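[1] need the 3D shape of this:
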Amino acid sequence: MTDDIAHLMLEHLKALRAGQQEIRLELMDIKSRVTAIESHFGQLTTQYAGQSARLDRVEERLGRIERRLDLVEA
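    Numbering: from 1, shown residues only. Reported below is the predicted structural model:
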C-alpha cells in the first residue's frame, strides 16, 4: 500500500515538473518577444527624434526665407 502511494506521489511530482518545464519555455518565449518589442520601440524613438530634428531644420530654413522675402513682420 505504501509503495502504491509513493508511486502515485512520484507520478504527480513528475507531472508537476513537466508542467513547470512548459511554463519555463513559454516564459522564455515571452521574454524574447518583450525584448523584440523594446528594441523596436527604441528604433521608433530614434526615428522620431531624427524626424523632429529634420522638421526643426526645415522650420529654421523657412523662417530665413520668409525674412528674406519680407513676408513676416520683424
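
[2] give me the element Asp4 is part of.
    Assigned by DSSP states H and E, Asp4 falls within helix 2-68.

[3] tell me the mean pLDDT over that helix?
    On average, the pLDDT along helix 2-68 is 96.

[4] show me what it packs onto, helices and strands only.
    The helices and strands touching helix 2-68, judged by 3 or more CB pairs under 8 Å, 6 or more residues apart in numbering; DSSP states H and E, number zero. For the C-beta atoms, the positions are set from N, CA and C on the backbone; glycine is no exception.

[5] quick one: residues in contact with stretch 20-33.
    Residues from elsewhere that reach stretch 20-33 (CB atoms under 8 Å, 6 or more residues apart in numbering): none.

[6] ignore what I typed, I meant stretch 35-47.
    Under the contact criterion CB under 8 Å, 6+ apart, stretch 35-47 has no outside partners.

[7] let's number from 72 now, not from 1
    Sure, I'll start numbering at 72, so the last one becomes stretch 106-118.

[8] now it, how far from the centre of its chain.
    Centre-to-centre, stretch 106-118 and its host chain are 6 Å apart (CA atoms, centre = their mean, to the nearest Å).

[9] now stretch 94-103
    Relative to its chain's centre, stretch 94-103 lies at 15 Å (CA atoms, centre = their mean).
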